[in-house]
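[1] My questions are about this predicted structure, shown below with the sequence.
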Amino acid sequence: MFNMVTLAVAEGEYPAFQSWKDEFSAIAPDLDIIWWEDAQCIPDRVDYLLVWKPAHGAVARFRNLKAILCAGAGVDHLLADPHWPHDVPLVRMGGRETAALMEEYVTWACLSLLRETRTWARQQERRIFHRRLVTRTAATTTVGIMGMGHLGGHVARRLHHFGFKVRGWSRTRREVPGIRSFAGAGELGEFLSQVDILVSLLPNTAQTRDMIDAALLSRLPRGAMLVNAGRGEQVCEVSLLAALDNGHLAGAVLDVFREEPLPMASRLWEHPMVTVTPHAASEASRTEQAAYLAEVIHEIEHGVPPALLYDAGRGY
């Protein structure tokens, strides 16, 4: 299947490499897996490179790559490297488990906001047994998803199946059965106007950075809520806190932040209407990731473009 194909692993430290090697040995035993800093690694003989956060300039020494594989869904940090080989295909992490985990995280986040579970958690910490009841259901709640790409489409279908009313917005129109579709700047206001829970799954591009600011939040109905599992740079945290403090927003579940780890001094930690999760929404098991990457390499070896191939024109 992978005759004479070499994958160099440049993700994590050496123990991480050994973990990758063990997984690939079970899934694709004929794929040659090497550690990128090993003395036996000859950069010009490497076909594929698996990376996460390599030092700037480190990837450029591999001059005969067929593709670079990213160990995560986001690749903007890689492209910030001034020596990045933009002519080499770059593939983002995906797979069935990654999508399933994101579906479940966003469903949990929406239900948590709907049932005001942050209030219950704070009451428990203070041993307060107060029956603050919520009778609103998913069927009467509209979730708006910003970013209807690979993960956004999966999440939209799961929420629709669960009973939420779902609408999606993206730069270009994405038709998903049962989901009302909006596209482009001209339809953003109409999209936001009926959203009870706004979910951001946008990629990180020049157009999306700081997009969720005071102006955008003000276009949501009073009492709306926010889930951000996309990129931390998209949300203006000062504007978000102001909207929570003045009552325009009723809650937020945040998994990604402008600075990670979230600084100890951040008000988000203790805000009574904010739930913080540590960038843990959707990271598949090493086994599932290795299976996905083996499939990607197989596609490229057979001339098939992978579904999650980075597109410079779109910025993701």
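    The structure has been received and is ready for your questions.
[2] okay, now the domains of this structure?
    Following automatic domain parsing, the chain resolves into domains at 6-95+284-301, 96-276.
[3] would JSON lines of those with distance to Y310, mean neighbour count and mean pLDDT be doable?
    All C-beta atoms are positioned from the backbone trio N, CA, C, and that covers glycine. Written out in JSON lines, the entries for the domains of the chain read as follows (distance: least, CB to CB, whole Å; neighbours: other CB atoms under 10 Å; pLDDT from 0 to 100):
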{"stretch": "domain 6-95+284-301", "distance to Y310": "4", "mean neighbour count": "17", "mean pLDDT": "95"}
{"stretch": "domain 96-276", "distance to Y310": "10", "mean neighbour count": "17", "mean pLDDT": "96"}
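[4] quick one: G74 and L202 touch, right?
    No. The pair G74 and L202 fails to qualify as a contact (CB atoms under 8 Å) at a distance of 10.9 Å.
[5] which neighbours do the two share?
    With contacts defined as CB atoms under 8 Å, 6 or more residues apart in numbering, the residues shared by G74 and L202 are R231.
[6] next structured bit after the longest helix along the chain?
    If you go by DSSP state H, the chain has its longest helix at helix 96-114. Using DSSP states H and E, the helix or strand that follows helix 96-114 in sequence is helix 117-125.
[7] Would you map the helices across the stretch 1-150 of the chain?
    Counting by DSSP state H, counting those that start in this stretch, the stretch 1-150 of the chain has helices at residues 14-27, 76-79, 96-114, 117-125, 150-162.
[8] what about those helices, which gets the closest to Y292?
    Of all the helices of the stretch 1-150 of the chain, it is helix 96-114 that lies closest to Y292, at 7.6 Å by CB to CB.
[9] Not counting that closest one itself, show me its contacts.
    Counting by CB under 8 Å, 6+ apart, 73, 117-118, 134, 136-138, 141, 143, 150-151, 154-155, 157-159, 162, 164, 197, 199, 201, 225, 227, 229, 250-253, 255, 275, 277, 281-285, 288-289, 292 sit against helix 96-114.
[10] what angle do it and helix 150-162 make?
    Counting by axes from the mean of the first three to the mean of the last three CA atoms, to 10 degrees, helix 96-114 points 50 degrees away from the direction of helix 150-162.
[11] relative to helix 117-125, how tilted is helix 96-114?
    Using the same axes, to 10 degrees, the direction of helix 96-114 lies 70 degrees away from that of helix 117-125.
[12] Measure how far helix 96-114 is from the centre of its chain, please.
    Distance of helix 96-114 from the chain centroid (CA atoms, centre = their mean, to the nearest Å) equals 12 Å.
[13] Over to stretch 84-96?
    Chain-centre distance of stretch 84-96: 15 Å, with CA atoms, centre = their mean.
[14] Span of that stretch from start to end?
    Across its full length, stretch 84-96 reaches 29 Å between end residues, using CA to CA, to the nearest Å.
[15] picking up where we left off before, now distance to G315 too, for the domains of the chain, in JSON lines please.
    Conversion of the domains of the chain to JSON lines gives the following (distance: least, CB to CB, whole Å):
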{"stretch": "domain 6-95+284-301", "distance to G315": "8"}
{"stretch": "domain 96-276", "distance to G315": "3"}
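[16] Out of the ones you listed, flag the one nearest R314.
    Of all the domains of the chain, domain 96-276 sits nearest to R314, with 7.6 Å by CB to CB.
[17] center of the protein - which residue?
    G230 (4.6 Å; CA atoms, centre = their mean).
[18] Identify the residues contacting that one.
    By CB under 8 Å, 6+ apart, the contact set of G230 is M146, G147, S200, L201, L202, P203, N204, T208, V256.
[19] could I get these as JSON lines with distance to P221?
    Below are the contacts of G230 laid out as JSON lines (distance: CB to CB, whole Å):
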{"residue": "M146", "distance to P221": "16"}
{"residue": "G147", "distance to P221": "20"}
{"residue": "S200", "distance to P221": "17"}
{"residue": "L201", "distance to P221": "20"}
{"residue": "L202", "distance to P221": "20"}
{"residue": "P203", "distance to P221": "26"}
{"residue": "N204", "distance to P221": "27"}
{"residue": "T208", "distance to P221": "22"}
{"residue": "V256", "distance to P221": "24"}
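[20] Closest to L7 out of these?
    Set against L7, the nearest of the contacts of G230 by CB to CB is P203 (25.4 Å).
[21] Let me see the confidence value for M1.
    Reading off the confidence values, M1 has pLDDT 67.
[22] Show me the contacts of G230 that map onto strands.
    Residues of the contacts of G230 located in strands (DSSP state E): M146, S200.
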